[in-house]
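Colleague: quick one, what's the 3D model for this:
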Amino acid sequence: MTIDLAQEARDKGIDYFLISFVDLFGVMRAKLAPASAIADMAKEGAGFAGFAAWLDMTPADSDMFAVPDPSSLIQLPWKPNVGWLAADLYMDGEEVAQAPRNSLKRVLRGAESKGYRLQHGVECEYFLITPEGDGLADASDRQDKPCYDVAALMRRYDVISEVCDAMLALGWGPYQNDHEDANGQFEMNWDYADVLVTADRHAFFKYMVKSIAENHGLRATFMPKPFAGLTGNGCHMHISLWSEDGATNLFADPEGELGVSQLGYHFLGGLMTHATSMCAITNPTVNSYKRLNAPVTTSGATWAPNLVTYGGNNRTHMVRIPDAGRLELRLADGAANPYLLPAAVMAAGLDGIEHQRDPGARLDINVYAEPERAGQAKRLPLNLLDALRELEANGDLTHALGGETVAAFAKLKHDEWNAYAAHLSDWERQNTLDC
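Modeller: Numbering: from 1, shown residues only. All right, here's what the predicted structure looks like:
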C-alpha cells in the first residue's frame, strides 16, 4: 500500500518532517521540511551536499538527494507535530552505493534472493551524564555493583518512563528497562523485527534518547567507553534467520545442539570467520578498543569479549546461544552504525551458509578467568587500525558489503586514526618527558 505523506500530515497533525539519513560515521543528518512541501520531497528528495557529511565525497560532487521512505514515518513523541523519516540517498539518478541504509538494503536483496529473511533486536546501552560531558549526572550512583540498582533506576524515572512510554505508543513492544552494570548506565529493550525496521528504530532510538535526556537537562551518550574504570556501552545483537514468508525460524531445530539448526551453525561459522574484519564496523571508533580487551572494571567484569569464541548461555563469549533458535552477538558497541552493523553481520553469516563454515566446538568455560583454555582462538583487534586492515584484506566481506562502501568507510576511518595518532596526550608527557 502506497503511503501519501501529505495525507498523513493532514490526518495526524504533522506540520514538519525531518527527512534524515545516517552517514558512514553513524551521525544522523536531516533537513526540516514543512508539510506543504512534502509531496514534492517524497518524489524528488531533500537536497544535501554529500561532502558536508561523513561520506567520501568532495565539494565538486553533484547534489545528493534524500528520498524519504514513507513506511518509516515516526511522529516525534515529545513533539508530535514533527514527523521523522528515514531516507535513501541518490545522486545523478543513481543510488549512493556507500550510503549505509542503501548498503543494508543491497545485502538484504541478496538474502531475499536466496529465500532468507533476517530479523534482529538490539540492546542499546547508554550513560546519562552532565550536559558538559564531564561526569555522571547522578552523584549518588556510586555502588561497585550498580547493576539493577532500584534506587538509581528510579531517580531517573522521568527520563526512562518517557522513553518507554514513547516506544509503547510507537508500537515497538518495549518490555524491560534497567540500570546497567556501570554507574549512570541504562538499557531499554524492545521487540525484535525485520532487519530494516530494527535498523530504522535503532537510529531513531539513539536520537530519541538524546533528545529526551536534553529536555530533562541531561546528556545521553552511547560512547563505547566514556569512563575508564566502568563497563562500556555495548550494543548486543540478537539474530535469527527466517523463511521468506516469515513463518519459519531457520535457526530453530529441536534436534540441533542447543536447539540451533545446522544452517544456524553455518551462519555462526561465518560470524566466527569474519569477526576480526567485522570489528571495524561493529566497533568503529578509536574509543571502541578501550571497551574490547579491557581490564576488569569496578563491577568485576567488563561484559565485553576478548576472543573470537562462542558458548551456550554464557556471557563471557563473543557469541552466546541464550536459547533455541537465536544467536546473541556481543561484539558491537554503542558507536556501531545502525545500518552497517546488521549489513556486516548478515554478510558474514550468509557467507558462512554459502561456504558451510564450521564454527568449531562450543566452549563451556569462563573465558575471562581461563583464556588459556580457549586454545587457538583468535584475539580481537587491539585497535581501530588493526581492525581496518583486517576489513580491507577481507575480499569476501568487502564484496558482500560493496567495494565502494568499504573503501569509503575505510578511507574516512584511516583519516580518523591518523588524527588520533597525531594527538599528543598527557600520558605521553607523563611517561616520556624524562626518557
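Colleague: I'd like the distance between the nearest residue in space to His202 that is not next to it in sequence and Leu380.
Modeller: Spatial nearest neighbour of His202, chain neighbours left out: Pro338 (3.8 Å); criterion: CB to CB, 6 or more residues apart in numbering. From N, CA and C alone the C-beta is placed, and that goes for glycine too. Distance of Pro338 to Leu380, given as CB to CB, to the nearest Å: 21 Å.
Colleague: contact partners of the one helix or strand Ala42 maps to?
Modeller: Here Ala42 is covered by helix 38-44, with elements defined by DSSP states H and E. Outside of helix 38-44, the residues within contact range by CB atoms under 8 Å, 6 or more residues apart in numbering are 5-6, 9, 17, 19, 33, 65, 67-68, 70.
Colleague: these, buried ones only, as a PyMOL selection?
Modeller: A single PyMOL command selects the buried members of the contacts of helix 38-44 (16 or more other CB atoms under 10 Å):
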select buried, resi 5+6+9+17+19+33+65+67+68
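Colleague: can I get the contacts of helix 38-44 in TSV with pLDDT and secondary structure?
Modeller: Shown next, in TSV, are the contacts of helix 38-44 (pLDDT from 0 to 100; DSSP: H, G, I helix; E, B strand; the rest coil):
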residue	pLDDT	secondary structure
Leu5	98	helix
Ala6	97	helix
Ala9	98	helix
Phe17	98	strand
Ile19	98	strand
Ala33	98	strand
Phe65	98	strand
Val67	98	strand
Pro68	98	strand
Pro70	98	helix
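Colleague: farthest-apart pair in the contacts of helix 38-44, please.
Modeller: For the contacts of helix 38-44, the farthest-apart pair by CB to CB is Ala9 and Phe65; their separation is 20.2 Å.
Colleague: kindly format the C-alpha coordinates of the helix or strand Asp386 falls within as PDB.
Modeller: Using DSSP H and E, Asp386 falls within helix 384-393. Extracted in PDB, the C-alpha atoms of helix 384-393 (Å, rounded to 0.1, in the frame of the first residue of the first chain):
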ATOM      1  CA  LEU A 384      41.000   0.500  15.100                       C
ATOM      2  CA  LEU A 385      43.900   0.500  12.700                       C
ATOM      3  CA  ASP A 386      44.300  -3.300  13.000                       C
ATOM      4  CA  ALA A 387      40.600  -3.800  12.500                       C
ATOM      5  CA  LEU A 388      40.600  -1.600   9.400                       C
ATOM      6  CA  ARG A 389      43.500  -3.600   7.900                       C
ATOM      7  CA  GLU A 390      41.600  -6.800   8.600                       C
ATOM      8  CA  LEU A 391      38.500  -5.400   6.900                       C
ATOM      9  CA  GLU A 392      40.400  -4.200   3.800                       C
ATOM     10  CA  ALA A 393      42.100  -7.500   3.400                       C
END
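Colleague: quick one: mean pLDDT for that helix?
Modeller: In this model, helix 384-393 has an average pLDDT of 98.
Colleague: stretch 193-211 too?
Modeller: Per-residue scores along stretch 193-211 average to 98.
Colleague: what's the spacing between it and its chain's center?
Modeller: Stretch 193-211 sits 9 Å away from the centroid of its parent chain (CA atoms, centre = their mean, to the nearest Å).
Colleague: buried ones in that stretch?
Modeller: 193, 195-196, 198-210.
Colleague: helices or strands up against the helix or strand following the helix holding Asp386?
Modeller: Where DSSP H and E defines the elements, the next helix or strand beyond helix 384-393 is helix 395-401. Contacts defined by 3 or more CB pairs under 8 Å, 6 or more residues apart in numbering; DSSP states H and E place helix 395-401 against helix 100-113, helix 262-282, helix 340-354, helix 384-393.
Colleague: which non-adjacent residue is nearest Leu385?
Modeller: With sequence-adjacent residues excluded and distances taken as CB to CB, 6+ apart, Leu385 is closest to Trp417, at 5.1 Å.
Colleague: check which helices and strands the helix or strand where the one you found lies sits against.
Modeller: Trp417 is located in helix 403-421, with elements delineated by DSSP H and E. Applying 3+ CB pairs under 8 Å, 6+ apart, one finds that helix 403-421 contacts helix 262-282, helix 384-393.
Colleague: before we move on, back to that, is it possible to get TSV of the helices and strands packed on helix 395-401 that adds distance to Ala324 and mean neighbour count?
Modeller: Shown next, in TSV, are the helices and strands packed on helix 395-401 (distance: least, CB to CB, whole Å; neighbours: other CB atoms under 10 Å):
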stretch	distance to Ala324	mean neighbour count
helix 100-113	22	19
helix 262-282	10	25
helix 340-354	18	25
helix 384-393	32	20
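Colleague: which one of those lies nearest to Leu327?
Modeller: It is, among those and with distance given as CB to CB, helix 262-282, at 6.0 Å.
Colleague: okay, now Glu416: neighbour count?
Modeller: For Glu416, the neighbour count with other CB atoms under 10 Å is 16.
Colleague: who touches it in this structure?
Modeller: The contact partners of Glu416, by CB under 8 Å, 6+ apart, come to 285-286, 384.
Colleague: can you tell me which of those residues is nearest Tyr265?
Modeller: Leu384 (30.2 Å).
Colleague: separation between that closest one and Ala166?
Modeller: When Leu384 is compared with Ala166 (using CB to CB), they lie 34 Å apart.
Colleague: tell me which element the residue nearest to Ala220 when sequence neighbours are not counted is part of?
Modeller: Closest residue in space to Ala220, ignoring its immediate chain neighbours: Ala213 at 4.0 Å, by CB to CB, 6+ apart. Assigned by DSSP H and E, Ala213 belongs to helix 195-215.
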